[in-house]
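The sequence isn't on hand, but the structure is:
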């Protein structure tokens, strides 16, 4: 019987080494960076445009809802690729399950459409 505790040790060492490496790089960059703060460096960068107004302005929530819907449906589409690769091994059961999955996605999309979440102002 294999010793699985040794595998956990290797994972722990891997993550520990990664954490030490990241901490060392952040420390080194903090030591060599220029520390002279000027008014130009402290100014807000707006892709070459002059900033107008306060940075604490309120944005309409429909932008966030639209972005959230995009992420949700984008992630759900990613689930279609492994299913398509293994379609023949799943058979009819896999086809029915994917049909239910797609039906739920379409129902969610229809609901968001009816609520007006997909309109861009």
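Good, I have the coordinates. From a predicted model like this one, the values you see are computed outputs, not experimental measurements.

ok, now how distant is residue 61 from residue 21?
Distance of residue 61 to residue 21, given as C-beta to C-beta, to the nearest Å: 40 Å. (C-beta placed from N, C-alpha, C; glycine too.)

Actually, residue 96.
48 Å.

Could you check how far the closest residue to residue 97 other than its chain neighbours is from residue 84?
Excluding the flanking residues, the one nearest residue 97 by C-beta to C-beta, 6 or more residues apart in numbering is residue 90, at 7.6 Å. Residue 90 sits 10 Å away from residue 84, going by C-beta to C-beta.

the more surrounded of the two?
Neighbour count, other C-beta atoms under 10 Å: between residue 90 and residue 84, residue 90 has more, with 13 against 9.

Can you report phi and psi for residue 58?
The phi/psi pair for residue 58 (degrees, to the nearest 10) reads phi -90, psi 140.

Near it, how many other residues are there?
Neighbour count for residue 58, taken as other C-beta under 10 Å: 5.

show me what contacts it?
Under the criterion of C-beta atoms under 8 Å, 6 or more residues apart in numbering, residue 58 has no contact partners.

which regions of the protein sit below the pLDDT cut-off?
Within the chain, the segments meeting pLDDT under 70 span 1, 46, 51, 55, 121.

For the most centrally placed residue in the chain, give its distance to residue 78.
Central residue of the chain (C-alpha atoms, centre = their mean): residue 71, 7.8 Å from the mean position. In this view, residue 71 and residue 78 are 11 Å apart by C-beta to C-beta.

is it fair to say residue 54 lies in a helix?
No: using DSSP: H, G, I helix; E, B strand; the rest coil, the assignment for residue 54 is coil, not a helix.

which element is the residue nearest to residue 97 on?
Taking DSSP states H and E as the definition, residue 90 sits inside helix 87-115.

returning to what we had before: element containing the residue nearest to the centre of the chain, please.
helix 61-78.

tell me what that helix is packed against?
Secondary-structure packing of helix 61-78 (3 or more C-beta pairs under 8 Å, 6 or more residues apart in numbering; DSSP states H and E): helix 87-115.

buried set for the helix it packs on?
Buried residues in helix 87-115, counted by 16 or more other C-beta atoms under 10 Å: 98, 105, 109, 112.
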